[in-house]
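Have a look; sequence and predicted model below, questions after that.
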Amino acid sequence: MRVIVRREYPDAGAPLRFDDVDGYRLTAFATNATKGQLPDLEVRHRRRARCEDRIRNAKDTGLTNLPLYGFGQNRIWCQIVAMACDLLAWMGLLAHPQEAVRRWEPKKLRHRLFVVPATIARSGRRVVLHVSDRHRWAGTVAGAVLAMRGLPAPTG
């Protein structure tokens, strides 16, 4: 078994911890892989961290507990949570050009973007979304709607 330790500066704005040495953050992981160079092993480890982020996001979306009684009902609940996670991922990829908005967790998205007061009106075969301009994140929501409208129509 090998333990690989990486020394790096903390992200901007990240508070220093008591175990940081001379302004550096030490991160370590253990592996029992017998083949592979250190950069390849680190990339594999970081991919795993991305997977764990997706699991945490799924738990924030509703996978923390199974609220229903039967196995079949909870299976449907898990499918709904998976669809919600997919929608969040695709929304971040297609609708938000800003990198920061793509990295927001589901709780932050819920408290910032999904609560913007808006109304939908239909007039002359058009659907118009009226977004309140008083909300702090109204510009981000309006930009996302414009980005989604600019996408080409699906061909089937």
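On my side now, so go ahead.

Pull the number of nearby residues for the nearest residue to Gly62 once chain neighbours are set aside.
Distances taken as Cβ to Cβ, 6 or more residues apart in numbering place Val81 nearest to Gly62, at 4.7 Å, with adjacent residues excluded. Using the backbone N, CA and C atoms, a C-beta is placed for each residue, glycine as well. Number of residues near Val81 (other Cβ atoms under 10 Å) recorded here: 17.

quick one: pLDDT of Pro97?
With respect to pLDDT, Pro97 scores 68.

next one: the one 5 residues further on
According to the model's per-residue confidence, Arg102 sits at a pLDDT of 76.

can I assume it is in contact with Leu93?
Yes. If you go by Cβ atoms under 8 Å, Arg102 and Leu93 touch, sitting 7.0 Å apart.

Look at those two and report which has more neighbours.
The residue with more neighbours, out of Arg102 and Leu93, is Arg102; 14 against 9, by other Cβ under 10 Å.

and the gap between that one and Ala89?
9 Å (Cβ to Cβ, to the nearest Å).

What of Val115?
20 Å.

Phe29 now?
Distance, Phe29 to Ala89, using Cβ to Cβ: 25 Å.

how about the nearest residue to Leu88, chain neighbours excluded?
Using Cβ to Cβ, 6+ apart, the closest residue to Leu88 is Pro106 (6.2 Å).

re the thing from before, between Phe29 and Ala89, which is the more surrounded one?
Phe29 (16 against 13).
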